[in-house]
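J.: quick one, what's the 3D model for this:
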Amino acid sequence: MNKIKLILFCSLILVILPFSSQAQMFSVGTDNRTNFGNIYSPYARAGVQFIDFKYKGSNIGNNLIHTPLTFNGEAAYIAYESLGFNINAVLGNTITGLNNTKYFSLNLNFINPFYLINGQSFKAGIPVKLDSRLVSVRNDDINEEFSQTSLSAGAGLTAAIIKQNRFSITSEFLTSYGFSSASGGFLGGSVFSLNGNARINFYNLLFGKNISFGYDYIFDSYDIDEERLDYDLSGHTITLGVSF
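T.: Purely as a prediction, here's the structure:
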């Protein structure tokens, strides 16, 4: 039942956001302009993220105060994407089926691809990424909290197949490394990340809008100065996007 509510919630967001915007690019003049507008239109996305949050520090045998925040489950995902810019938020709580755990993530990143192959129908190259992420995990039953803000940079591989004015298929995979600090405090360390995504975009599919099916993978490994905050966060996200 919780999964059904989550899907309905995400679908409602998709209906409201794109159609309330007046920023849609209309085709004017030539087919080339139409193709350009379709390919580079921004998207609003919504979906479900499946999260696995694991403690990787050494168990503190006789420390009855420390209880790891390990959990797995689903959370609601919303995002805005435009020309390499992406801002997304993830929220999980009792409504999404996380019981007594509250999960929140806010991510802002920018990816700039340097294409080694840059044809009209196929592109491939090396993307460079700057990423900032806030992750917060709380549990109502235990006296533990994870709240870290990270800043990282990385690079990887990207490829795209484009059929002008019809569809495109894009994918990328990046690895990055950066620094993490406690939100509102001085406790911090490093974070190693793996990120990948794939998009299938269909142009002018619904009322002149582009429809996009997406998959995202994240893996963040936190190595914090205080070992009790060493966690691995992995997530698989399935999204539906609509162009503006």
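
J.: please report how far the residue lying closest to Asp141 once chain neighbours are set aside lies from Asn88.
T.: Spatial nearest neighbour of Asp141, excluding adjacent residues (C-beta to C-beta, 6 or more residues apart in numbering): Asn100 at 5.1 Å. From N, CA and C alone the C-beta is placed, and that goes for glycine too. Noted for Asn100: a distance of 25 Å to Asn88, by C-beta to C-beta, to the nearest Å.

J.: now Ser132
T.: The value you get for Ser132 to Asn88, if C-beta to C-beta is used, is 12 Å.

J.: when those two are compared, which one has more neighbours?
T.: Asn88 (22 against 15; other C-beta atoms under 10 Å).

J.: so that one is in which element?
T.: Per DSSP states H and E: Asn88 is located in strand 85-92.

J.: return the distance of that strand from the chain's centre.
T.: Chain-centre distance of strand 85-92: 6 Å, with C-alpha atoms, centre = their mean, to the nearest Å.

J.: and stretch 45-52, by the same measure?
T.: On the basis of C-alpha atoms, centre = their mean, stretch 45-52 sits 8 Å off its chain's mean C-alpha point.

J.: buried stuff in that stretch?
T.: For stretch 45-52, the neighbour count (16 or more other C-beta atoms under 10 Å) marks 45-49, 51 as buried.

J.: with stretch 141-161 instead?
T.: In stretch 141-161, counting by 16+ other C-beta under 10 Å, buried: 144, 146-150, 152, 154, 156-160.
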